[in-house]
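Colleague: Sequence plus predicted model, see below.
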Amino acid sequence: MSQFNWLRRIRLDHIWLILPLLAVYLQVNTGSHHHLDLWHHLNSGREMMRSGELFTTDPFAHTLAGQTIFNQNWLADILFYELMMRGGRELLTMLVALFYTGAMAVLVRMMWRVTHHRKWAAAAAGIAVLMSVENLGLRPQVFSMFFFIQNLWLLVERSKRWWGVAAIGVVQMLWANMHGAFMLGIVLAGAFWAGAILQQVGVLWELRAARAKARGSLLKLLITDTRIRHYGLMTLVAVIGSTITPHTGKLIDYVGHVSGSSQARQVEEWLPPDLSSLTGFSFYAGLLIGALVIRRLWQQRHLTEILLLLGFGYLGCGSIRMVMWYGIVLAWSAAQCLAQRPAVAAKTESSTLNLILATLLGGLVIFSTPWTKPYNVLLPAAKRATRPADEPSQLAAYLQNHSITGQAFNTVEWGAYITWVTGGQVKVFIDGRLDFFPDAVFEDYTRIGRAAENWKQRLEKYRVDVIILPRAELRELQQKLAADPDWQLLYEDGLARLYRRIVR
């Protein structure tokens, strides 16, 4: 039984190290809802696999018919669709969970190597988990988190290796074709470059202030410093890698347009964080922690980490979506401070008790997969469900069984889902890609939803012949539809109603 002796060496510190990874794994696998982006990415992947090419005009919404669009996430969309077709939603969910968990594992390992203490590394990782847990969904952002942490690892531990320089270019190339947050990889590399420059400038300044003999000019020092050269090269390679896409020249404008239009239309995840959510509370608490960390880092002259905290803290103040990146750099920066703490003497522990705890956690992992979670009695009923409670699956079955087609008016939340379940036979009015729709369309969507003046004429302008609505929403519009002789209630269930225009 000597091959099982390693089980007796499990310590409580090992279990602490696993807890941040377990939190990420459970959050994704047992999530009780799917982000509305999921269905659009699946639709895009299906359309590209059908046609064998990238589409440049929108095939999903009748309000965007003929309009040129920009599908920056094309590679992630294809990958999501292929996973969905090969293993259903369960396989897609599981692999996304493993990607998130793997990214966090790399971060935990980095902090363990710095602190040389598992519990401190786990505590630092907990900061990143708290600030990202509400953003861990089935969407291409999973690749951004993975690539961001991979770039951080390359910059910290592999900047002196030639393959580390090449690897950051490969990462950026993939990232630029999978998610719009790829610009953060360039910002990350640039912060390390700027930090190395400021470090040397500070050294030279201190030498001159002390009237010591400074070797060479500032320019010579900047050129000859190894760290500056390496980080500068990595920044350049990251920029070059980001341009290797089918959409070179359009990416920066696209990223700016997405963030700007989403904020203008009050999309929640693009608004500044507030204290009412876990993400917002964690972020503002993180700013206070960050101030203490910066003070300690300044004493240690860790200028790169200070730049990271200031830059990503500023981004986090502007948008909930940016909070997770601040959480990652705060966790890494805090680990630098914890590295200076004295080691704690190991305490006597019960190997049997540790083994029992590890076994329980292992069982939780096994019975929290998308296939086994319905049997996990420790999970709330909502998290054991295989489908979100607010997913209109009965409506989907009716649309498929009765081959419903036409041009629809629908809510933002259901748009892409309707496209998915009807195979694009129902052309939707709007979906979650709010940055794609012109202001005039968005205004008409809002006025029709409120049943405002000329709502019926607006529907006729878009030749809408099908209306699909959540039963509990847009009640005034539904009341007017029920009283209008030109519209018929074709189907209803506990979640949805389907109206069809009567052709006379």
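Modeller: Received, thanks. Numbers count the residues shown, from 1 in each chain.

Colleague: Would you mind measuring from the spatially most central residue of the chain to Arg295?
Modeller: Closest to where the C-alpha atoms of the chain average out (CA atoms, centre = their mean) is Gln141, at 3.1 Å. Taking CB to CB, to the nearest Å as the measure, Gln141 falls 32 Å from Arg295. All C-beta spots, glycine's among them, are computed from the backbone N, C-alpha and C.

Colleague: I'd like the distance between the closest residue to Gln479 other than its chain neighbours and Gly31.
Modeller: With CB to CB, 6 or more residues apart in numbering as the criterion, Gln479 has its nearest non-adjacent residue at 7.8 Å, and that residue is Ala451. Going from Ala451 to Gly31 by CB to CB gives 34 Å.

Colleague: Kindly format the C-alpha coordinates of the strand or helix carrying Met173 as PDB.
Modeller: Here Met173, judged by DSSP states H and E, is contained in helix 162-176. What follows is the C-alpha trace of helix 162-176 in PDB, where atoms were taken according to Å, rounded to 0.1, in the frame of the first residue of the first chain:
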ATOM      1  CA  TRP A 162      12.800  33.300 -26.000                       C
ATOM      2  CA  TRP A 163       9.800  31.000 -26.100                       C
ATOM      3  CA  GLY A 164       8.100  33.100 -23.400                       C
ATOM      4  CA  VAL A 165       8.300  36.100 -25.700                       C
ATOM      5  CA  ALA A 166       6.900  34.100 -28.600                       C
ATOM      6  CA  ALA A 167       4.200  32.600 -26.400                       C
ATOM      7  CA  ILE A 168       2.800  36.000 -25.500                       C
ATOM      8  CA  GLY A 169       2.300  36.700 -29.200                       C
ATOM      9  CA  VAL A 170       0.500  33.400 -29.700                       C
ATOM     10  CA  VAL A 171      -1.700  34.100 -26.700                       C
ATOM     11  CA  GLN A 172      -2.600  37.600 -28.100                       C
ATOM     12  CA  MET A 173      -3.300  36.200 -31.600                       C
ATOM     13  CA  LEU A 174      -5.800  33.700 -30.100                       C
ATOM     14  CA  TRP A 175      -7.200  36.200 -27.700                       C
ATOM     15  CA  ALA A 176      -7.900  38.800 -30.400                       C
END
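
Colleague: hmm, who's touching that helix?
Modeller: When contacts are defined by CB atoms under 8 Å, 6 or more residues apart in numbering, helix 162-176 is touched by residues 72, 75, 143-144, 147, 150-151, 154-155, 157-159, 181-182, 185-186, 189, 230, 233-234, 237-245, 251.

Colleague: so how far is it from its chain's centroid?
Modeller: Averaging C-alpha positions (CA atoms, centre = their mean, to the nearest Å) puts helix 162-176 20 Å from its chain's average.

Colleague: next one: stretch 167-178
Modeller: Remark: stretch 167-178 is offset 16 Å from the chain centroid, using CA atoms, centre = their mean.

Colleague: State the mean pLDDT of that stretch.
Modeller: The pLDDT scores in stretch 167-178 average 96.

Colleague: Just the buried residues of that stretch, please?
Modeller: Ala167, Ile168, Gly169, Val171, Gln172, Met173, Leu174, Trp175, Ala176, Asn177, Met178 (16 or more other CB atoms under 10 Å).

Colleague: check contacts around Glu47.
Modeller: Residues in contact with Glu47 (CB under 8 Å, 6+ apart) are Phe55, Pro59, Phe60, Gly424.

Colleague: Save those residues as JSON lines, and put in secondary structure, neighbour count and pLDDT too.
Modeller: Shown next, in JSON lines, are these (DSSP: H, G, I helix; E, B strand; the rest coil; neighbours: other CB atoms under 10 Å; pLDDT from 0 to 100):
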{"residue": "Phe55", "secondary structure": "coil", "neighbour count": "15", "pLDDT": "88"}
{"residue": "Pro59", "secondary structure": "coil", "neighbour count": "16", "pLDDT": "92"}
{"residue": "Phe60", "secondary structure": "coil", "neighbour count": "26", "pLDDT": "95"}
{"residue": "Gly424", "secondary structure": "coil", "neighbour count": "16", "pLDDT": "93"}
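
Colleague: Under the pLDDT cut-off, which ranges of the protein? List them.
Modeller: Judged against pLDDT under 70, the low-scoring parts of the chain cover residues 1-9, 32-35, 202-222, 248-267, 340-350, 504.

Colleague: What segments of it are strands?
Modeller: For the chain, the strands defined by DSSP state E occupy 406-410, 426-427, 466-470, 487-492, 496-501.

Colleague: count of residues packed around Pro438?
Modeller: Burial measure for Pro438: 12 neighbouring residues, criterion other CB atoms under 10 Å.

Colleague: Likewise for Leu275?
Modeller: If you count neighbours by other CB under 10 Å, Leu275 ends up with 11.

Colleague: So what's the residue count around Ala189?
Modeller: Every residue meeting other CB under 10 Å relative to Ala189 is counted, giving 26.

Colleague: what ranges do the helices span in the stretch 51-200 of the chain?
Modeller: Ranges of helices within the stretch 51-200 of the chain are 74-115, 118-132, 141-157, 162-176, 183-209, based on DSSP state H, counting those that start in this stretch.

Colleague: do the stretch 351-500 of the chain as well
Modeller: Counting by DSSP H, counting those that start in this stretch, the helices of the stretch 351-500 of the chain are 351-366, 381-384, 393-401, 412-422, 439-449, 455-461, 475-483.
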